[in-house]
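**Q** Mind looking at a prediction? Sequence and model below.
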Amino acid sequence: MTEQVDAVVVGAGHNGLVAANLLADAGWDVLVCEAADAPGGAVRSAEITAPGFVSDLASAFHPLGAASPVLRELDLPAHGLRWRHAPAVVAHPTLDGRCAVLHRSVDDTAAGLDLDHPGDGDAWRALVADWDRIGADVLEAALRPFPPVRPAARLWRRLGTGDTLRLARMLVQPVARMAQERFGGSAAALLLAGNAAHTDLGPDAAASTAYGWLLAMLGQQVGFPVPAGGAGALTDALVARLATRGGRVDCHRPIRSVTIERGRATGVLDAEGGRVRARRAVLADVDAPRLYRELVGEQHLPAKFVTDLDRFDWDFSTVKLDWALDGPVPWAAEGARAAGTVHLGADVEGLRRYTADLASGRLPDEPFLLFGQMTTADPDRSPPGTESAWAYSHVPRGLGWGRDDAVRWADRMQQVVEAHAPGFGSLIRARAVSGPADLQARDGNLVDGAITGGTSAPHQQLVFRPVPGLGRADTPVPRLFLSGASAHPGGAVHGGAGANAARAALAATGRAGPLYRGAMRFAHRRLYG
């Protein structure tokens, strides 16, 4: 028996659910097919260490989620989502006694920077004032379909030609250079470079400022909030909203292939042989290589497109460690005790060595860790007086690690934490180690533990994501749209890729649909022959 819907969405990650919600808002009959036993992809939570301790299985803190115009327009608080905050946003301690802290209050952040170097507080205030003036348009430009004509025009009118060029120069700078130009001390550089390291870019990488500045300014504006009760609460809100609009999510339903008829996507075939016919569109919240090679098939794609796909560049692999702790982390640096997110194991020079090792395929001598204190941010994550915590660190791709390898690296990560928090090990009630293969088994889009759907480097952003093209969700196969993190605007929990795919599908079937589809066919012919 063949099901009939207006649109089928492959994958119930947050991007797939955002796309489904927007199509359902337009009156479409939408079915989401998910291979796993629960929706959410990388935005899920569970008790994986000890009873009563909630761990986020991948994504944890959500500054972009709280600030995203895409998610804001969905009004997820009306469907159960509540944000919670740690007392401080980010801390970056070093073993020589320094500790840079990003507070919710601009004045508190600035005061700490002034203690490090007089005048850096005012330089930080100036950076925040610039963000307050242009931040909304920057987010619109970053997350909406490419090219972002309207937000870019608003930025140009607001800034003028000279300051627009200065902003562009700053965004493509290495973050270490940007910090050197604007600040005299090391604390601001730690905050900016540490935030840039949430991607796979080191402090000397081109465009690392774009990420370090964006996350630091979002941390100052909205904090690094977490969904009350676990990251899965964000997914629950998306699923609940979709249900009110008649959309459906089928879990335990892996998709074997996208059906192609007369060169167009017409539906999907699941692993059990069941067919879903899509009257209007197929949207895929899966990584680009898997979509095109496994679900579509190279025979349906232009040869140049397939060649470009061979050059798709993943981000580094990841090892994640979750702990159930019998008490708060005993940080040596007082500034780290109230922060939800802590950067550990390297200053700016250490980050240079760390990313150079990863890029060279070597295990870093000095692991850099992103550490999360989840109960500090959300008391519901563990019993009173305890802490649910996690850390992750990157390793080179392609190591082929088994369980023992991941555990050895996790032990090395734990040593880094112990060096910054003597006595940490004595608080551990239980822990869970997730190596690259474990992360991929949990979410097939986290290929070999890559958590951002492809590198954040400039050669694979905008019109180069996932391959050189239009920077849009439209694919060379008509009626098929890429809605995952491999598409522009890339990784993180903001819903941009899902929303862009939904808007493209609506445009292709709307009143001006023939014109839109003709323009896409013409563009793809010129790009790929």
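**A** Perfect, thanks for sending it.
**Q** Surely Pro364 is within a helix?
**A** No: counting by DSSP: H, G, I helix; E, B strand; the rest coil, Pro364 is not part of a helix but coil.
**Q** List the contacts of Ala389.
**A** Residues near Ala389 by Cβ atoms under 8 Å, 6 or more residues apart in numbering: 322-323, 325, 329, 371-375. To be clear about C-beta, it is placed using only N, CA and C from the backbone, and glycine gets the same treatment.
**Q** So Arg293 is in contact with Asp310, correct?
**A** No: taking contacts as Cβ atoms under 8 Å, Arg293 lies outside contact range of Asp310: 9.9 Å.
**Q** Neighbour count: those two, which is higher?
**A** Between Arg293 and Asp310, counted using other Cβ atoms under 10 Å, the more crowded position is Arg293 (14 against 9).
**Q** now the residue lying closest to the more buried one once chain neighbours are set aside, what's its secondary structure?
**A** Closest residue to Arg293 apart from its sequence neighbours, by Cβ to Cβ, 6 or more residues apart in numbering: Leu309 at 7.4 Å. Of the three states, Leu309 takes helix under three-state DSSP.
**Q** same question, the one 4 residues further on
**A** Reduced to three states with three-state DSSP, the structure at Asp313 is coil.
**Q** Could you verify my assumption that it touches Thr452?
**A** No: using Cβ under 8 Å as the test, Asp313 is too far from Thr452 to be in contact (11.2 Å).
**Q** Between these two, which is the more surrounded one?
**A** For Asp313 versus Thr452, neighbours defined as other Cβ under 10 Å are more numerous around Thr452 (20 against 16).
**Q** got the contact list for that one?
**A** Thr452 is in contact with 199-200, 315, 485, 490-492, counting by Cβ under 8 Å, 6+ apart.
**Q** From these, pick the one nearest Leu159.
**A** Gly490 (24.2 Å; Cβ to Cβ).
**Q** Gly454 is in contact with the closest one, correct?
**A** Yes: counting by Cβ under 8 Å, Gly490 does reach Gly454; the two are 7.1 Å apart.
**Q** overlap in contacts of those two?
**A** Arg465.
**Q** Would you map the strands across the stretch 201-350 of the chain?
**A** In the stretch 201-350 of the chain, the strands defined using DSSP state E, counting those that start in this stretch lie at 226-227, 248-250, 255-261, 264-270, 275-284, 317-325, 339-344.
**Q** swap that for the stretch 351-500 of the chain, please
**A** 369-373, 387-395, 428-434, 480-482.
**Q** and the shortest one, what does it pack onto?
**A** Going back to what we said before, that points to strand 480-482. If you count contacts as 3 or more Cβ pairs under 8 Å, 6 or more residues apart in numbering; DSSP states H and E, strand 480-482 packs onto strand 275-284, helix 496-509.
**Q** Flag every buried residue along the shortest one.
**A** It stands for strand 275-284. By neighbour count on 16 or more other Cβ atoms under 10 Å, the buried set for strand 275-284 is 276, 278, 280-284.
**Q** again, but for stretch 259-275
**A** Those buried within stretch 259-275 under the rule 16+ other Cβ under 10 Å are 259-260, 265-270, 274.
**Q** Stretch 156-170 too?
**A** Quick answer for stretch 156-170 (16+ other Cβ under 10 Å): 159, 164, 170.
**Q** May I have that stretch as PDB, with CA atoms only?
**A** Output of stretch 156-170 as PDB, limited to C-alpha atoms (Å, rounded to 0.1, in the frame of the first residue of the first chain):
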ATOM      1  CA  TRP A 156      24.300  48.500   4.600                       C
ATOM      2  CA  ARG A 157      21.800  51.300   5.200                       C
ATOM      3  CA  ARG A 158      22.400  51.200   9.000                       C
ATOM      4  CA  LEU A 159      26.200  51.100   8.700                       C
ATOM      5  CA  GLY A 160      27.100  52.900   5.500                       C
ATOM      6  CA  THR A 161      29.600  51.600   3.000                       C
ATOM      7  CA  GLY A 162      32.700  52.200   5.100                       C
ATOM      8  CA  ASP A 163      31.500  50.400   8.300                       C
ATOM      9  CA  THR A 164      29.900  47.600   6.200                       C
ATOM     10  CA  LEU A 165      33.400  46.900   4.700                       C
ATOM     11  CA  ARG A 166      34.900  47.100   8.200                       C
ATOM     12  CA  LEU A 167      32.400  44.600   9.500                       C
ATOM     13  CA  ALA A 168      33.200  42.300   6.600                       C
ATOM     14  CA  ARG A 169      36.900  42.600   7.200                       C
ATOM     15  CA  MET A 170      36.400  41.700  10.900                       C
END
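**Q** Give me the domain ranges for this protein.
**A** 2-35+253-312+452-528, 84-226+314-442 (automatic domain parsing).
**Q** Go through those and name the closest to Ala78.
**A** Ala78 lies closest to domain 2-35+253-312+452-528 among these, at 12.4 Å (Cβ to Cβ).
**Q** Just the endpoints, please. Distance across that closest one?
**A** End-to-end distance for domain 2-35+253-312+452-528, by Cα to Cα, to the nearest Å: 34 Å.
**Q** what about it, average pLDDT?
**A** For domain 2-35+253-312+452-528, the mean per-residue pLDDT is 97.
**Q** Check stretch 144-157 too.
**A** On average, stretch 144-157 scores 92.
**Q** which other residues reach that stretch?
**A** 134, 137-138, 140-142, 164, 167, 462-463, 470-473, 488, 496, 499-500, 503-504.
**Q** switch to 10 Å and redo it
**A** Residues outside stretch 144-157 that contact it (Cβ atoms under 10 Å, 6 or more residues apart in numbering): 69-70, 133-134, 136-143, 163-165, 167-168, 461-463, 465, 469-474, 487-489, 496, 499-501, 503-504, 507.
**Q** quick one: buried residues of that stretch?
**A** 144-146, 148, 151-152, 154-155.
**Q** try stretch 360-368
**A** Result for stretch 360-368 [16+ other Cβ under 10 Å]: buried residues 364, 367-368.
**Q** roughly how far is that stretch from the heart of the chain?
**A** Distance, stretch centre to chain centre, for stretch 360-368: 22 Å (Cα atoms, centre = their mean, to the nearest Å).
**Q** Show the contacting residues for the nearest residue to Pro289 once chain neighbours are set aside.
**A** Leaving aside its sequence neighbours, Pro289 sits nearest to Phe312 (Cβ to Cβ, 6+ apart; 5.6 Å). Phe312 is in contact with 287-289, 292, 454-455, 460, 465-467, 486, counting by Cβ under 10 Å, 6+ apart.
**Q** Got the phi and psi for Phe312?
**A** Main-chain torsions, Phe312, degrees, to the nearest 10: phi -60, psi 130.
**Q** go on, Leu143?
**A** phi -100, psi -20.
**Q** surely it meets Arg503?
**A** No: taking Cβ atoms under 10 Å as the definition, Leu143 is not a contact partner of Arg503, at 11.5 Å.
**Q** Those two: which has the busier surroundings?
**A** Using other Cβ under 10 Å, the more surrounded residue of Leu143 and Arg503 is Leu143, with 25 against 20.
**Q** Give me the distance between that one and Asn500.
**A** 8 Å (Cβ to Cβ, to the nearest Å).
**Q** which neighbours do the two share?
**A** 70, 488-489.
**Q** would you turn those residues into CSV with distance to Pro254 and neighbour count?
**A** Formatted as CSV, the shared contacts of Leu143 and Asn500 follow (distance: Cβ to Cβ, whole Å; neighbours: other Cβ atoms under 10 Å):
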residue, distance to Pro254, neighbour count
Val70, 27, 24
His488, 26, 26
Pro489, 27, 26
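**Q** No more questions from me, cheers.
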